[in-house]
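Peer 1: Fold the following, please.
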Amino acid sequence: MKTIHLLFNFIAKLHVKYFFTIILFFVIGAGCKPKPSKRNFLENKLKETMSIYLHKTLNPGVTFNIQDVNYVPLKAQKLFVCQFNVNIHYKGADTLGIMMANISYDFDKVTRTK
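Peer 2: Purely as a prediction, here's the structure:
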């Protein structure tokens, strides 16, 4: 009877040991999950802001697709100097061009520079 009790204790301790090992691997795996990039978020927000601005200012019938954005933050002026590669479609013709704009840090003010 004592042998069965010792065997049961050994098995119970063994399961607890594996339980904590599994928990440890889970914690390590959850901690190594990649976090969303602030750069990607900022690029998407700049594209969205420019898109809203273009919808307000372009002529009716003009469609566009912003391909990508390059930007430099200017902390002193609290704005981003941006260069957008934009594909524009109008009356069956399309062109790929570069638009430059300054966008404020709060994404409220857009000023086209080129």
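
Peer 1: alpha carbons only for contacts and neighbour counts from here, please
Peer 2: OK.

Peer 1: Which residue ranges of this protein form strands?
Peer 2: 63-74, 79-90, 93-104, 110-112 (DSSP state E).

Peer 1: list the buried ones in the second one?
Peer 2: If I follow you right, that is strand 79-90. Residues L79, F80, V81, C82, Q83, F84, N85, V86 are the ones in strand 79-90 that count as buried (16 or more other CA atoms under 10 Å).

Peer 1: And for the shortest one?
Peer 2: Buried residues in strand 110-112, counted by 16+ other CA under 10 Å: V110.

Peer 1: Show me what it packs onto, helices and strands only.
Peer 2: In this structure, strand 110-112 packs against helix 38-57, strand 93-104, with contacts taken as 3 or more CA pairs under 8 Å, 6 or more residues apart in numbering; DSSP states H and E.

Peer 1: Let's see that with 6 Å instead.
Peer 2: strand 93-104 (3 or more CA pairs under 6 Å, 6 or more residues apart in numbering; DSSP states H and E).

Peer 1: Let me have the strands of the chain in CSV, extended by distance to M50 and mean pLDDT.
Peer 2: Output for the strands of the chain, formatted as CSV (distance: least, CA to CA, whole Å; pLDDT from 0 to 100):
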stretch, distance to M50, mean pLDDT
strand 63-74, 9, 92
strand 79-90, 9, 92
strand 93-104, 8, 91
strand 110-112, 7, 91
